[in-house]
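Engineer: Here's a sequence, model it:
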Amino acid sequence: MLSNAVRFLMVSAAASFVALGAAPADACSLLSSGALDFIAAGTPSGAGAVFLTGVQKEEFWFDPDPIVDAVNDSAKMSSYWGSTSPTSEKYYTEFTKPLAIVSLISNISNVAAGDVLVINKTVAVPGGPQTAYGGHTVIITGPAQQLTTALNPKYTNTIQWALPIADSTSSVHGCDAIWRDSRWTNTCSDFVAGPGTGYMRIYTDSSGVPVGHTWSVTSGGTYFPITSTTVAQRPFVIGRLNSCPLP
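Structural biologist: Reported below is the predicted structural model:
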């Protein structure tokens, strides 16, 4: 495993390169490898947004002096995200601002390791369920894989994809042996909350534009549309940081 100092130098070199033009698909792949290192090291973490924050701190602004490191982390998070500890709702807001420090990915074919998926808090529909949900954030660890056989629920004119992710959660991303969550061993009852890897299911239209998701690649999982007039929405976006580390 690379030391944080070595990773910092590598990321800095990548930042110098991407500043010359549009970021290639793997410009922020160290955000993905950093997430996997974070998990392998057994680093404790809160929910998804806290996980993304922790990985950024380790990958982008590490300093061997713990006092300097803490000061740098707080200053950078506040500068770039407007908070020292953003929630998923806050990340979603920042991702979708004009002139944001991320570029939104509008087609599933362009998704790559190091991209970030952020689910906003529940958007209630008048007369519909008012279930509270604070949102969630995951780091994508690779390209989406199209399901050769669609699973329930099925919707006309949609394509289903398995998206590999890293996050921190108390809700298992399914118990399927193929699309496996790393936090369970023999059965779902063995699930251990915290950082780990898994898969989410993304629905797209026929051209690859995301239209909804389920929490896992599991038949019968609850489907949440990005937009709807009849059920509560859980809008999400996929974004790529414009440079890594942030400029």
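
Engineer: Run the chain-centre distance for stretch 171-184.
Structural biologist: Its chain's average C-alpha position is 16 Å from that of stretch 171-184, according to Cα atoms, centre = their mean, to the nearest Å.

Engineer: taking the mean pLDDT, what do you get for it?
Structural biologist: The average of the pLDDT scores along stretch 171-184 is 90.

Engineer: From here on, call the first residue 58.
Structural biologist: I'll keep to 58 as the first residue from here, and by that count the last item is stretch 228-241.

Engineer: Please identify the buried residues of it?
Structural biologist: Buried residues in stretch 228-241, counted by 16 or more other Cβ atoms under 10 Å: 229, 230, 231, 232, 233, 236, 237, 238, 240, 241. No exception for glycine: its C-beta is placed from N, CA and C like everyone else's.

Engineer: From start to finish, how long is it in a straight line?
Structural biologist: Start and end residues of stretch 228-241 are separated by 11 Å (Cα to Cα, to the nearest Å).

Engineer: residues in contact with it?
Structural biologist: Residues outside stretch 228-241 that contact it (Cβ atoms under 8 Å, 6 or more residues apart in numbering) are 96, 219, 222, 244-245, 247-251, 253-257, 272-275, 278.

Engineer: Give the full set of residues in contact with the residue nearest in space to the middle of the chain.
Structural biologist: Central residue of the chain (Cα atoms, centre = their mean): residue 195, 2.2 Å from the mean position. By Cβ under 8 Å, 6+ apart, the contact set of residue 195 is 105, 173, 174, 222, 223, 224, 257.

Engineer: Confirm it sits in a helix?
Structural biologist: No. Counting by DSSP: H, G, I helix; E, B strand; the rest coil, residue 195 is not part of a helix but strand.
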